[in-house]
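A.B. asks: below are the sequence and a predicted model for it; my questions follow.
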Amino acid sequence: MNATAIHEEGHHHGPPKGYKRWLFSTNHKDIGTMYLIFACVMMFLGGAMAMLIRAELYMPGLQFLEPDFYNNMVTNHALIMVFGMVMPAAAGLANWMIPMMIGAPDMALPRLNNLSFWLLPMAAIMLVLSMLAPVLFPGTGGFVNTGWTLYPPLSIQSGMGMDFLIFTVHILGISSILASINIVVTILNMRAPGMKMFDMPMFVWAWLFTGLLLIVIMPVLAGGVTMLLFDRHFGTSFFDAAGGGDPVLFQHLFWFFGHPEVYVLLLPSIGVLSMIIPTFARKPLFGYKSLIGGMAVLFTLGLVAWAHHQYTVGMAYGPTEWFMIITILISIPVGLMLLNFMMTMWRGAMTFETPMLFAVSIVLMFAFAGVTGVMLAVVPADLQYHDTMFVVAHFHYALIPGSVLGLFAAVFYWLPKWTGNMYDEKLGKIFFWWNVISFNITFFPQHFYGLAGMPRRIVDYNPAFTDLNMVSSIAAFSYGISHLLFLYIVIKTIRGGATAGDKVWEGSQIGTHGLEWTVPSPPPFHTFETAPTLKPVQH
């Protein structure tokens, strides 16, 4: 029997119906859809926490959050946005698009794919339990207030919520590793006949590096939180100075995961931009192989730059200097990628549909994050900036343009392909301007009051910073509300709209040999019923 015949029962009897279609799904499109829905739910949950944080910081003094609960909001906002929103959304894009882009019938390991997804709601439940632990189990300690970095000794002394959080991180890690193995195996083993590595769309390359990176870094975080668990309950002293341990060891383990994680969030968006910009500039991607090389350098340097998060912990001069130099060198491959995008746009016949607006804004704002990143990379400067709101401004300029806006660009770019309907272009543009302007008004002032000395992660502040905090908070609410419009646009598109053709956006040229993948809009339930045709682009 061939693979098509034995794939799954749904092929013979039509797609499975009702809850079974989703619960037992081995179909890459359905699993991709579930990832995207999960990410959307978590975006609103994490966003609500951000709104609470900004509401509290609207004025100095305590408004309505206890300091412990405020710190819990800071901790969970970060964990939810990183692990619950950006990574699942990027995995949703990977599931949807990679098999169709490389002409594969499905992902290589469909049942593993199902498991990778269903671990996420379990982890989300654990995360919520970590917040509710002080309420559900009184007397077991207060809220987890360590920040997303979970540093000891605070995390050793925290209450039962910390145990739920450690369990959450384990489940999320397993999900990420399994999904990454699946994606890497699919890319390496399931390309259409004749499709060489250097014929692959850039989005596929981006995910190959992302998957490999996750497989390398996730076990280190798992080891770190397991040692933390042992310190908490089994009498070990890995991180407890009283027993001869070292809390800085945990920081090294955490940031060996935490710094490459930034590139895990960034690389899928680089892949998305590499698809969108050539389409709307109507030119092939500039420097296809150099962009792959840039990703490879980013992958390598990203793994050896972690301790620039730890300049203030008393490392020796030698390693500190090493981490400073490596960190500054990372700006070279990032600069190269931005150059590739700008040269793709150079003298192109550009139009500015919603995906392209997002793409251009990402290039501009991520370049700005790079500049503040180089400021933070320099040791004497960082000793001043460390743990101020300047750092908060920097990483939000890196992560929101570098990953979240990339995800929005991808949704607007591929939604017509997924649903067979065009989204409302006018509403898309309104969402873009509303979202990007309010984002900038929220986070740009934080550079200033950070440089002026306002510490981060602290519930109260000097009244001198009141005015800029008010601006930040008002804009943050505008930014948060804008996402309701995004939700409305997506639901409206799913329910109907102008019909999208098989080639939604003409001219997306891929690879070095100008291959183009065509698949109908919306794609059939099983991709292997009509595999995409790979053919030379007609110039």
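C.D. replies: Done, it's in.

A.B. asks: what about residue 262, which helix or strand?
C.D. replies: Element membership of residue 262, judged by DSSP states H and E, is helix 247-281.

A.B. asks: now that helix, how far from the centre of its chain.
C.D. replies: Taking the mean of its C-alpha atoms, helix 247-281 sits 7 Å from the chain's own mean (CA atoms, centre = their mean, to the nearest Å).

A.B. asks: now stretch 334-352
C.D. replies: Relative to the centre of its chain, stretch 334-352 is centred 23 Å away, using CA atoms, centre = their mean.

A.B. asks: buried stuff in that stretch?
C.D. replies: 334, 336-341, 343-345, 348 (16 or more other CB atoms under 10 Å). To be clear about C-beta, it is placed using only N, CA and C from the backbone, and glycine gets the same treatment.

A.B. asks: same question for stretch 360-378.
C.D. replies: Quick answer for stretch 360-378 (16+ other CB under 10 Å): 360-363, 365-366, 368-370, 372-373, 375-377.

A.B. asks: same thing with stretch 116-134?
C.D. replies: Of the residues in stretch 116-134, 116-120, 123-124, 126-127, 129-131, 133-134 count as buried by neighbour count, 16+ other CB under 10 Å.

A.B. asks: go on, stretch 469-478?
C.D. replies: 469, 471-473, 475-478.

A.B. asks: how far does that stretch sit from its chain's centre?
C.D. replies: With CA atoms, centre = their mean, you get 24 Å for stretch 469-478.

A.B. asks: quick one: contacts of it?
C.D. replies: Residues outside stretch 469-478 that contact it (CB atoms under 8 Å, 6 or more residues apart in numbering) are 50-51, 54-55, 57-60, 434, 438-439, 441-443, 445-446, 449, 461.

A.B. asks: in ChimeraX, how would I select the buried members of those?
C.D. replies: Selecting only the buried entries of those in ChimeraX, with 16+ other CB under 10 Å as the criterion:
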select :50,51,54,57,434,438,439,441,442,443,445,446,449,461
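
A.B. asks: so which of the contacts of stretch 469-478 sit within strands?
C.D. replies: Counting by DSSP state E, those place none of their members in strands.

A.B. asks: okay, now the unreliable bits of the stretch 51-200 of the chain?
C.D. replies: Along the stretch 51-200 of the chain, segments meeting pLDDT under 70 are nowhere present.

A.B. asks: hey, where'd the strands end up in the stretch 101-250 of the chain?
C.D. replies: In the stretch 101-250 of the chain, no segments count as strands under DSSP state E, counting those that start in this stretch.

A.B. asks: just the helices in the stretch 201-350 of the chain please.
C.D. replies: Applying DSSP state H, counting those that start in this stretch to the stretch 201-350 of the chain gives helices spanning 202-233, 247-281, 288-302, 317-345.

A.B. asks: mind listing what's buried in the second one?
C.D. replies: Going by neighbour count (16+ other CB under 10 Å), the buried part of helix 247-281 is 247-248, 250-281.

A.B. asks: same check, this time on the third one
C.D. replies: Burial within helix 288-302, assessed by neighbour count using 16+ other CB under 10 Å, is assigned to 288, 291-292, 294-295, 297-299, 301-302.

A.B. asks: looking at these, which is nearest residue 73?
C.D. replies: Set against residue 73, the nearest of these by CB to CB is residue 302 (28.8 Å).

A.B. asks: need the contact list for the closest one.
C.D. replies: With CB under 8 Å, 6+ apart, residue 302 has these contacts: 213, 259-260, 262-263, 330.

A.B. asks: and what of residue 340?
C.D. replies: So residue 340 contacts 274, 285-287, 290-291, 294 (CB under 8 Å, 6+ apart).

A.B. asks: hmm, 7 Å instead?
C.D. replies: Shown in contact with residue 340 (CB atoms under 7 Å, 6 or more residues apart in numbering): 286-287, 290-291.

A.B. asks: closest one of these to residue 220?
C.D. replies: Looking across those and measuring by CB to CB, the closest to residue 220 is residue 291, at 27.7 Å.

A.B. asks: one step back: just the ones of the buried residues of stretch 116-134 in helices?
C.D. replies: Secondary structure from DSSP state H places 116-120, 123-124, 126-127, 129-131, 133-134 of the buried residues of stretch 116-134 in helices.
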